[in-house]
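**Q** Everything below, folded, please.
(one chain, ligands or ions: 2)
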Amino acid sequence: MFSNLFKKIIGSKNERELKKLSPLVRQINELEPHFKSLSDSQLKGKTAEFKQRRAKGENLDDLLPETFAAVREASVRVLGMRHFDVQLVGGIALHQGKIAEMKTGEGKTLAATLPLYLNALLERGCHLVTVNDYLAKRDAEWMGGIYNYLGMSVGVVVHDMDDQRRKIAYRADITYGTNNEFGFDYLRDNMKLSIEDCVQRELYFSIVDEVDSILIDESRTPLIISGPIEHGEDIFYSALKPSIIRLKEHQDRLIRAILNKAEARMREGKDDDKTIELLLQVKRGSPKNPRFLDIIATDPGLKKRIDRMESFLSSQKALHTLDEELYCIIEEQDHSAHWSDKGLRLLSGDQHDAFIVPDLSQGIQDIEDDPHLNFREKKRKVRELEEKYAETSERMHASQQLIKAYWLFNKDVEYVVRDGQVIIVDEFTGRLMPGRRWSDGLHQAIEAKEGVNVAEENQTLATITFQNYFRMYEKLAGMTGTADTEAPEFKKIYDLDVFIIPTHKKMIRLDYPDVIYKTEREKFKAVVQEIKELHSKGQPVLVGTISIEKSEILSKMLRKEGIKHQVLNAKNHEREAEIIAQAGQSGTVTISTNMAGRGTDIVLGEGVPTLGGLHVLGTERHESRRIDNQLRGRSGRQGDGGSSRFYLSLEDDLMRIFGSERISAVMDKLGMEEDQPIEHQIISKAIEGAQKRVEGINFNIRKNLLEYDDVMNQQRKVIYGQRREILKDASLKETVIGMIEEVVEDAVVNSIDPKVFPEEWNLGPLYDDIYSIFGFLPYFSKEEIKDLTQASLIEVLKLKVLDLYEKKEIEIDPESFGFLHRIAMLKAIDDIWIDHLLAMDQLKEGIGLRGYGQMDPLKEYQKEGYNIFLSMVEGIKENSLKTLFRIRIPTQEEASIAVPKKKMMLSHGGNGGSTPARRKAPKVGRNNPCPCGSGKKYKHCCGR
Ligand code: ADP
Ligand code: MG
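**A** Ligands and ions are numbered 1, 2, ... in the order given. Reported below is the predicted structural model:
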């Protein structure tokens, strides 16, 4: 039989590959009598023997024939199924890390046992990935008989399982589970605080079942873990709202007056600089003022003059004379707002210092120097000062966001309010974006403005696409009935070859050419008619629809005709599996979307083969030929009879959008009348052409996105890798000391110019830096400083900080302090990584939109992404040290602050739940000037 197999012509390369495997298959077959002769205990003993031989140097390829023979024999004894030769070929292909294309019903489940057993000998864990929990459980139980017989353990990871059970499942030799569970466990593990809590082992070998669905259709689906952001400032928004309204009223009145003046001058024909200055003032005080926008719209030249005036005054440092008259100033370009002294007086009312951030370093120095305070009082005063500092900063931040909400964001333009929620309107497409939120408090500010509930902000804590998750396996393989059409993509993206395995028995299904109707209505009429006829004969029909909506329309029509039927839409896997298993029984009609009941075998009922087997009726062509082939493949399994036909109309999406002139031309030539379908090979060919084009477009989109993804993917690998190291590392003392030295060095180099004499050093920023990271202020007397150089200052400072570090260690006790090292570093990584996800997301969005001229947006993204990454790494160092140096009493409780206590949400895809929150203004580099306009570096100002 096997020799016949090779006579078939299935593409020459594939044929050659097949031929190469034939000796191996023969060898396995020749071993069969020997393995048959073994007693149960002898056969069971094989596993230990194989492992020993492997330990002595034989590799998996050497062991392949015997292990396959052993598994086959075990299967015969336990399940009564003997692996067909083609299943051996499939097993070899999977072991070689290829995609085995085996038609539906060929027995992929059984074929996979061979390579899973073989690779499990390495004791590194093998994963089998299914498309739903039901299949994971079914296959693990079903095939578990073989593994257990041979002394291998099997685990299943499904949705409702705690970590304890997950861990056990992953420790098993072979683990079945869905792509979702594997992916989420990976992300969750990378948020754990100790290595013992991680559930997964390494990612060694994975076989992905229905691989086209997971690695192509769902490849771009991100898995997202999100949780609410911890916010201390929510209370501010509603409380500050009245003062912001007052500010707006004052400003509006003022702007009206300025506009009146400007318009009067223009009427008098005086469009001199003074007029432009007035208009500039309006622009800075109310950029979206409708009257102002009208004026500019009627005279486009004006806008240019206003902008020019603005940059001129700005270069002359004279803008403030205009700004002083306003209450608050809006910088539209960088989406920021600040207030003038006049505005400040209005805002703070009788609370004079409500909006003045105290000078921390000066304040602390004053407290330390105060001879009337004892040690305890000093500590209390410092803490009070720090609290005041934090509160004022938050109040200022909230006010700034509120000003933006009132001045720059208009209801029914930038957002709408629906059912008590503020919903963003996409500025490019005009579509509503439910579930998305502006970040950084802006969304809350708008909620306060609209008087709806100020909600907690959700934010992405971790995310990965399936594509990137599966690319991490050391060895990856897949199986499906339909891979060949996507072979180039599998090769390019995953470096996976597609290997077409011949069917066990000859495939005899009849695939009829498509019939095409003019309208969808006519098409459905004909479909119902056809179903009716087949149904009256008793032949089972499986009807494929491409959407839930269409399946419901059809269902209604069938009900009218009194035809009993089942509707499936891939929601309840277990129940659908039962229904679809019955789809081959005489007289059944089953309507199903493409994914419903995948993986379940349709066995023909009694008498059905003589009726022609299962008939598959497609009601529309999918964009991808592969999906159509999946549907067809439901019929004609294992040599069964069967047939298939697609019904189309010119109104179908594929035809409308991609149908090309050619189809219309053919249609015209052949003539087309009401209710008269056309059935012609040329049409089928033309449609296939359209599908190929769409497939090509989609592949290109996925490939392009992957190139962007790769940037993040590299960064994730680095960060998660570092995280792992920290988890594993018993003592982090050396690492921390290294970080201290680097941070001190950077701080000095950033603020002290080696060419400047010590007497002229401006030590303020350096003190600020050191204080903000290490929580203490170094003191140098004039005498000390006189003899220093930049280099010796670094050394002296290092000693001071290290001294403090040693003191901390003793104060806290070395063991707890060591433990806190890990917590501090993990927390820093996690916090900053989350921010980083946002920043990169924004960068990507921004790059896509920016007109880059000659520049390659991908290159720009890579370059800027790398810079953001570097500053993130710096931030991680600083934040780790910040936490470590601020720890006081190291109780278990304090340590657990680092545990993300947030309600975590897992979601999958962009269906509203949680997309990364967006920050409107670009992320500011830590060494860039602060956007608040203070003139200080961001990290010394608002960024600290
Ligand atoms: P696929 O996943 O390839 O569509 P399945 O693994 O679901 O196919 O198997 C389809 C059916 O074929 C199952 O009912 C299974 O019992 C049967 N089958 C598979 N391999 C064999 C075999 N070697 N001998 C007998 N029956 C088999
Ligand atoms: Mg299957």
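
**Q** May I see the buried residues of whatever helix or strand residue 182 lives in?
**A** Using DSSP states H and E, residue 182 maps to helix 179-189. For helix 179-189, the neighbour count (16 or more other C-beta atoms under 10 Å) marks 179, 180, 181, 182, 183, 184, 185, 186, 187, 188, 189 as buried. Backbone N, C-alpha and C define where each C-beta goes, glycine included.

**Q** ok, now stretch 523-542?
**A** Buried residues in stretch 523-542 (16+ other C-beta under 10 Å): 523-524, 526-528, 530-531, 534-535, 539-542.

**Q** Closest one to ligand 2 out of those, please.
**A** Closest approach between the buried residues of stretch 523-542 and ligand 2, by C-beta to the ion: residue 542, at 16.5 Å.

**Q** in the sheet, who's paired with that closest one?
**A** Beta-bridge pairing for residue 542 (DSSP bridges): residue 590, residue 616.

**Q** What segments of the stretch 501-650 of the chain are strands?
**A** Assigned by DSSP state E, counting those that start in this stretch, the stretch 501-650 of the chain shows strands spanning 510-511, 515-517, 541-545, 566-568, 589-593, 614-618, 642-649.

**Q** How far off centre is stretch 395-406?
**A** 30 Å (C-alpha atoms, centre = their mean, to the nearest Å).

**Q** Quick check: which ranges of the stretch 151-300 of the chain have low pLDDT?
**A** Scanning the stretch 151-300 of the chain for pLDDT under 70 picks out 228-234.

**Q** swap the cut-off to 90 and go again
**A** For the stretch 151-300 of the chain, residues meeting the criterion pLDDT under 90 lie at 159-160, 190-196, 217-239, 269-272, 287-290, 293-300.

**Q** residues from this protein in reach of ligand 2?
**A** Residues of the chain lying close to ligand 2 by C-beta under 5 Å from the ion are 108, 599.

**Q** Show me the longest helix that occurs in the chain.
**A** helix 681-728 (DSSP state H).

**Q** got the angle for that helix vs strand 642-649?
**A** Interaxial angle, helix 681-728 versus strand 642-649 (axes from the mean of the first three to the mean of the last three C-alpha atoms, to 10 degrees): 100 degrees.

**Q** what angle sits between helix 681-728 and helix 179-189?
**A** 30 degrees.

**Q** which secondary structure elements does helix 681-728 contact?
**A** helix 466-470, helix 487-494, helix 625-633, helix 653-658, helix 660-670, helix 814-849, helix 857-886 (3 or more C-beta pairs under 8 Å, 6 or more residues apart in numbering; DSSP states H and E).

**Q** What residues sit buried inside the next helix or strand after it?
**A** Later in the chain than helix 681-728, the nearest helix or strand by DSSP H and E is helix 733-751. Buried residues in helix 733-751, counted by 16+ other C-beta under 10 Å: 735, 736, 739, 740, 741, 743, 744, 745, 746, 747, 748, 751.

**Q** quick one on the thing from earlier: any chance you could list what contacts the helix holding residue 182?
**A** Applying C-beta atoms under 8 Å, 6 or more residues apart in numbering, the contact partners of helix 179-189 are 127, 129, 131, 133, 136, 157-159, 166, 170, 197-200, 203, 206, 208, 214, 218, 223, 225, 462-464, 466, 469-470, 472, 906, 908.

**Q** Please determine how far the residue of the chain most remote from its centre is located from ligand 1.
**A** Most distant from the centre of the chain: residue 268, at 59.4 Å, with distances by C-alpha atoms, centre = their mean. As judged by C-beta to the nearest ligand atom, to the nearest Å, residue 268 and ligand 1 stand 85 Å apart.

**Q** right, so of the strands of the stretch 501-650 of the chain, which gets closest to residue 91?
**A** strand 642-649 (26.6 Å; C-beta to C-beta).

**Q** What average pLDDT does the closest one get?
**A** For strand 642-649, mean pLDDT rounds to 93.

**Q** Quick one: list the elements packing against it.
**A** Judged by 3+ C-beta pairs under 8 Å, 6+ apart, the packing partners of strand 642-649 are strand 510-511, strand 515-517, helix 520-537, strand 614-618, helix 625-633.

**Q** same for the third one, what does it pack against?
**A** If you count contacts as 3+ C-beta pairs under 8 Å, 6+ apart, helix 520-537 packs onto strand 515-517, strand 541-545, helix 548-560, strand 614-618, strand 642-649.

**Q** mind redoing it with 10 Å?
**A** strand 515-517, strand 541-545, helix 548-560, strand 589-593, strand 614-618, strand 642-649 (3 or more C-beta pairs under 10 Å, 6 or more residues apart in numbering; DSSP states H and E).

**Q** Go through the longest one and flag the buried ones.
**A** Right, the one you point to is helix 548-560. 550, 551, 554, 555, 558.

**Q** Centre of the chain to it, how far?
**A** 35 Å.

**Q** Would you format the helices and strands packed on helix 520-537 as CSV with distance to residue 657 included?
**A** Formatted as CSV, the helices and strands packed on helix 520-537 follow (distance: least, C-beta to C-beta, whole Å):
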stretch, distance to residue 657
strand 515-517, 16
strand 541-545, 18
helix 548-560, 16
strand 589-593, 20
strand 614-618, 18
strand 642-649, 13
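
**Q** Could you dump those into CSV and include distance to ligand 1?
**A** What follows is the helices and strands packed on helix 520-537, written out as CSV (distance: least, C-beta to the nearest ligand atom, whole Å):
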stretch, distance to ligand 1
strand 515-517, 28
strand 541-545, 15
helix 548-560, 22
strand 589-593, 15
strand 614-618, 14
strand 642-649, 14
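
**Q** ok so, going back, TSV please, covering the buried residues of helix 179-189 and showing distance to residue 682.
**A** Output for these, formatted as TSV (distance: C-beta to C-beta, whole Å):
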residue	distance to residue 682
179	40
180	43
181	47
182	45
183	44
184	48
185	51
186	49
187	50
188	54
189	55
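
**Q** how far out from the middle of the chain is stretch 204-212?
**A** That offset, for stretch 204-212, works out to 20 Å (C-alpha atoms, centre = their mean).

**Q** ok, it near ligand 1 or not?
**A** No - Stretch 204-212 lies out of reach of ligand 1 by C-beta under 6 Å from any ligand atom, never closer than 7.1 Å.

**Q** got the CA positions of that stretch in CSV?
**A** The C-alpha trace of stretch 204-212 is given here as CSV (Å, rounded to 0.1, in the frame of the first residue of the first chain):
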residue,chain,number,x,y,z
TYR,A,204,11.1,23.6,24.2
PHE,A,205,8.9,21.7,21.8
SER,A,206,5.4,22.6,20.7
ILE,A,207,3.0,21.0,18.1
VAL,A,208,0.3,23.4,17.2
ASP,A,209,-2.9,21.7,16.0
GLU,A,210,-5.0,23.6,13.4
VAL,A,211,-1.8,25.5,13.0
ASP,A,212,-3.2,27.8,10.2
